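Undergrad: Sequence plus the predicted model coming up.
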Amino acid sequence: MGLKEVLGRLQGGQARGGALRRWLLPGIAAILLLSVLFSDHSGVAEVEPGEVAVKYNNTGLGLFGEPASVVKEQGVLTFLPLFQRVEKLDVRPQIFTMEGTGGAKGKEDHNNIKRLTVRANDGSNFYFERVEIHYQVIPGMAAEVIRQNGRGDDYKWRALQVHSRELLRDEFGRHSFLEIADPSTYGAANARAKEALNTRLAPLGIEVSNILISKPKFDDRVEAAIEDRQEAEQEVQVQEEKRNKLRQQRGNRLQQVEQEKNAEFQQLNAELVARKQLAQNAFIAARREADIYFIEKEAAGVAYRDEKVTRAKANEVAYRKQAEGVVAQIRAVGEQGADVLNREIAEHVFPQLERVSASPFAQPTTPVDIRHINAGGNP
């Protein structure tokens, strides 16, 4: 190749380089304009109902706003492409399910994973056919959700799936299979799991409103044993209800008997009170009659005594007079002397001596046989 030909080629290359430089900047601007117009970074985003948006400042310069700001208002949101970007999150209530093999609604559905299997503290395994966790993103913490978990639905598998499965296993795994078969036990574990989930997820911007969980399932032999145990417990409850019913009937019967006996007691008591009142009335009447009798007898006695006293006083006067007459007679007789005594003896004693007979008495000298004393006379 000659020198002339080489120089010609260099001059042609310089000409083409100048033409390229002239079209380079307009071409880049056109490409950027087309990318803005035909992409979702056109500087306009619509915040639909149930969504919040987070506007980011890509430059780090205060001229373009805060590093991240949450926009809760619905409607059109404008931003500067390349300098700012907008991420949206669904803040409507959602349901996270654990059932079957999971992913029934497609691989991209992070709200559905395989069923929850738990290992009990006695080494046995049990599972729940369906677990529903009702949750939603806290609107004011949307920027924190994206910061810690990434864009879109990444928080569902980075935070919700991991923590919910871990905490549910922990809370339900505290119990043995016999304990967890009791509805009250897994109900209490469900409440603890909800509280633990909110404690763990609240700093991540997620709030759990409710957890619906099905009855735990076990192996066939365990299920049969649990059913037998539940039937036995139900029978115990039936018998306990019967005992309670009998206790209630016994209490009702006792109450009825007490009421009847109390009524009888009240009736008898009323009768006794009436009889007592009658007796008191009779006593008062008898006492009144006795008082009247006493007064009458006392008055009669007083009258009789007064009469006798009066009569005695009269007799005393009469007898005194009579005694005085006798005394006078005695004095008169005494004044007559011994002749009076002789005259009395002659008048009263001598006539009686004529009727007296006597013979001398002598002691027998020989023993007397008393068998012949009255032999001839009357016994």
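TA: Structure's in. What do you need?

Undergrad: isn't Lys55 right up against Gly65?
TA: Yes: the pair Lys55 / Gly65 is scored as a contact, 6.7 Å apart, by Cβ atoms under 8 Å. Placement of C-beta: from N, CA and C, glycine included.

Undergrad: list the residues that contact both of the two?
TA: Listed as contacting both Lys55 and Gly65 by Cβ atoms under 8 Å, 6 or more residues apart in numbering are Gln84.

Undergrad: And these two? Which one has more around it.
TA: When neighbours are counted by other Cβ atoms under 10 Å, Lys55 and Gly65 differ, and Lys55 comes out ahead with 22 against 16.

Undergrad: Check for me that that one belongs to a strand.
TA: Yes: assessed by DSSP: H, G, I helix; E, B strand; the rest coil, Lys55 belongs to a strand.

Undergrad: What's opposite it in the beta bridge?
TA: Beta-bridge partners for Lys55, by DSSP bridges, are Ser69, Val86.

Undergrad: Can you tell me how far it is from Val349?
TA: To Val349, Lys55 is 180 Å away according to Cβ to Cβ, to the nearest Å.

Undergrad: same question, Leu82
TA: Distance of Leu82 to Val349, given as Cβ to Cβ: 193 Å.

Undergrad: With Gln248 instead?
TA: Distance from Gln248 to Val349, by Cβ to Cβ: 118 Å.

Undergrad: just Ala328 next, same as before
TA: Following Cβ to Cβ, the distance that separates Ala328 from Val349 is 26 Å.

Undergrad: Please apply the same query to Ala196.
TA: Distance from Ala196 to Val349, counting by Cβ to Cβ: 153 Å.

Undergrad: To what extent is the closest residue in space to Lys156 that isn't next to it in sequence buried, counted in neighbours?
TA: Excluding its sequence neighbours, the residue lying closest to Lys156 (Cβ to Cβ, 6 or more residues apart in numbering) is His110, at 3.6 Å. Burial of His110 is recorded as 18 neighbouring residues (other Cβ under 10 Å).

Undergrad: Just give me how far the helix or strand where Glu296 lies sits from the chain centre.
TA: For Glu296, the host element (DSSP states H and E) is helix 220-336. Once both centres are worked out by Cα atoms, centre = their mean, to the nearest Å, helix 220-336 turns out to sit 50 Å from its chain's centre.

Undergrad: tell me what that helix is packed against?
TA: Using 3 or more Cβ pairs under 8 Å, 6 or more residues apart in numbering; DSSP states H and E, the elements in contact with helix 220-336 are helix 177-180.

Undergrad: And the average pLDDT for the helix it packs on is what?
TA: Averaging pLDDT along helix 177-180 yields 80.

Undergrad: contacting residues around Glu87?
TA: 53-54, 56, 146, 151-152.

Undergrad: Export those residues to a markdown table and append columns for neighbour count.
TA: Formatted as a markdown table, the contacts of Glu87 follow (neighbours: other Cβ atoms under 10 Å):
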| residue | neighbour count |
| --- | --- |
| Ala53 | 21 |
| Val54 | 20 |
| Tyr56 | 19 |
| Ile146 | 22 |
| Arg151 | 12 |
| Gly152 | 14 |
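
Undergrad: any idea which of those is closest to Asp170?
TA: Closest to Asp170 out of these is Ile146 (27.6 Å), distances taken as Cβ to Cβ.

Undergrad: pLDDT score assigned to the spatially most central residue of the chain?
TA: Geometric centre of the chain, nearest residue: Asn244, 16.9 Å, by Cα atoms, centre = their mean. For Asn244, the pLDDT comes out at 92.

Undergrad: That one and Asn315: what is the separation?
TA: Counting by Cβ to Cβ - Asn244 and Asn315 are separated by 100 Å.

Undergrad: Kindly report the same for Phe64.
TA: Distance, Phe64 to Asn315, by Cβ to Cβ: 159 Å.

Undergrad: Over to Pro67?
TA: Distance, Pro67 to Asn315, using Cβ to Cβ: 153 Å.
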